[in-house]
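*Asks:* With the input below, show me the fold.
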Amino acid sequence: MNIPFNELRSGYLAYQTEIDEAVHRVLESGWYILGRETMTFEEEFAAYCGAAGCVGVNSGTDALYLALRACGVGPGDEVITVSHTAVATVAAIRMSGATPVLVDIDPDTYTMSPNALADAMSPATRAVIPVHLYGHAADMAAICEIAATCFVIEDCAQAHGARYQGRPVGGFGNLACYSFYPTKNLGALGDGGAVTGNDAALLGKVRLLREYGWTPQERYVSHVEGVNSRLDEVQAAILRVRLRHLDADNEARRQLASLYSALLPDLLKKPVEREHCHHVYHLYVVQYPERDRLRARLAAQGIGAGIHYPTPVHLQPAYQAGQVRTTALPVTEQAAREVLSLPLHPTLGEAQARTVVQAVVAALQ
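*Replies:* Below is the predicted model:
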């Protein structure tokens, strides 16, 4: 028995013919940066997200950084987000020069606690970044109400296709940021990211910032201090293929998650899907007090499992010298000790999922 936590090659093989044709099309075109593929993907992804526009960039981290820059966030400002997230969320805030303020999470969805957000708001708060974690939406109605005087930038890196109150995530704040890292629900075969939104002025600033502050009319003239953060044509072409299959892949994730939830023992705390939410299960995360023992026993049976995330950002070495401001984070710290991600991806078969369940049952005995 050997079931790895993830299997990226199988995701490529599932659409190999289409992906190979897309890559060949780019190679034959002779245009490899910010060309027709990127422009078309931006249009298609904006339409998928129900957004007015999209700007392709180099990574999800850059997407967050450029969104913050576009909103005028910088030194002296505070940006509230969670500590239970990929470190990229906080790294992007630090890149902008602002101070991250890290708040606790909801114990069921692992997303930002609106009550913790309300307690952390201050006159210095310029922006709030809720993270739609593991494929489940944050409570955007409450968050947007509390943060009405600030910019709200949604971190959708783990939530491609997720919905809240019947609408795609990403459409509730001022801007939304996506990662296309290969493990994501919509994954490239390399790095990539995007910013979407309905505010043409903000998106225009992101577009200006992603390439040195140049405009199409005055290339090589920097109107603002920008950076080099461009989604390349090969990745854009691959993403166009993967986007066509995203809903079907997400449904496969949901079916596997439903199987897990039905068969796994109640000794584990299993994922929830809140009312008015559509979970896309980027990760299937359980919680168990003896997590490390469970993970070791699964490994002994050939079952891969991950931890997302073992060390909250506020406890990581790089952030111990006053780089972040924190509130009380008891739910975050307990989650970091106890969460475990089981194998789940669109090409995982039902038989493999049942084998994972059997291994978990045996490991809990």
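*Asks:* Can you show me the helices along the stretch 51-200 of the chain?
*Replies:* With helices called from DSSP state H, counting those that start in this stretch, the stretch 51-200 of the chain shows them at 60-70, 87-96, 114-120, 140-146, 200-209.
*Asks:* tell me the most buried of those helices?
*Replies:* Stretch with highest mean neighbour count among the helices of the stretch 51-200 of the chain: helix 60-70 (a mean of 28; mean count of other Cβ atoms under 10 Å). For the C-beta atoms, the positions are set from N, CA and C on the backbone; glycine is no exception.
*Asks:* quick one, what contacts the residue positioned nearest the centre of the chain?
*Replies:* In the chain, the centroid-proximal residue (Cα atoms, centre = their mean) is Ala157; its distance is 1.6 Å. Counting by Cβ atoms under 8 Å, 6 or more residues apart in numbering, Ala157 makes contact with Gly60, Ala86, Ala88, Val131, Cys177, Tyr178, Ser179, Tyr181, Lys184.
*Asks:* and with 6 Å instead?
*Replies:* Going by Cβ atoms under 6 Å, 6 or more residues apart in numbering, Ala157 touches Gly60, Ser179.
*Asks:* export the helices of the stretch 51-200 of the chain to TSV and tack on mean pLDDT and distance to Ile80?
*Replies:* Below are those laid out as TSV (pLDDT from 0 to 100; distance: least, Cβ to Cβ, whole Å):
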stretch	mean pLDDT	distance to Ile80
helix 60-70	98	12
helix 87-96	98	9
helix 114-120	98	5
helix 140-146	98	10
helix 200-209	98	19
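*Asks:* Include distance to Gly170 when you put those helices into CSV, please.
*Replies:* Output for those, formatted as CSV (distance: least, Cβ to Cβ, whole Å):
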stretch, distance to Gly170
helix 60-70, 11
helix 87-96, 15
helix 114-120, 19
helix 140-146, 10
helix 200-209, 13
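*Asks:* out of those, which comes closest to Leu344?
*Replies:* Distance to Leu344, taken as Cβ to Cβ, is lowest for helix 60-70 among these, at 20.2 Å.
*Asks:* tilt between the closest one and helix 200-209?
*Replies:* On the basis of axes from the mean of the first three to the mean of the last three Cα atoms, to 10 degrees, helix 60-70 is oriented at 120 degrees to helix 200-209.
*Asks:* What separation is there between the residue nearest to the centre of the chain and Val286?
*Replies:* The gap separating Ala157 from Val286 is 21 Å, by Cβ to Cβ, to the nearest Å.
*Asks:* can you give me the strands in this protein?
*Replies:* Under the criterion DSSP state E, strands of the chain are mapped to 53-57, 78-82, 99-103, 125-128, 151-155, 163-164, 167-168, 175-179, 193-197, 277-278, 284-287, 325-326, 339-342.
*Asks:* In JSON lines, list those strands along with mean pLDDT and mean neighbour count.
*Replies:* JSON lines is the format used below for those (pLDDT from 0 to 100; neighbours: other Cβ atoms under 10 Å):
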{"stretch": "strand 53-57", "mean pLDDT": "98", "mean neighbour count": "27"}
{"stretch": "strand 78-82", "mean pLDDT": "98", "mean neighbour count": "27"}
{"stretch": "strand 99-103", "mean pLDDT": "98", "mean neighbour count": "24"}
{"stretch": "strand 125-128", "mean pLDDT": "98", "mean neighbour count": "23"}
{"stretch": "strand 151-155", "mean pLDDT": "99", "mean neighbour count": "27"}
{"stretch": "strand 163-164", "mean pLDDT": "98", "mean neighbour count": "20"}
{"stretch": "strand 167-168", "mean pLDDT": "98", "mean neighbour count": "18"}
{"stretch": "strand 175-179", "mean pLDDT": "98", "mean neighbour count": "30"}
{"stretch": "strand 193-197", "mean pLDDT": "98", "mean neighbour count": "29"}
{"stretch": "strand 277-278", "mean pLDDT": "98", "mean neighbour count": "22"}
{"stretch": "strand 284-287", "mean pLDDT": "98", "mean neighbour count": "22"}
{"stretch": "strand 325-326", "mean pLDDT": "95", "mean neighbour count": "17"}
{"stretch": "strand 339-342", "mean pLDDT": "99", "mean neighbour count": "22"}
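*Asks:* Noted, bye for now.
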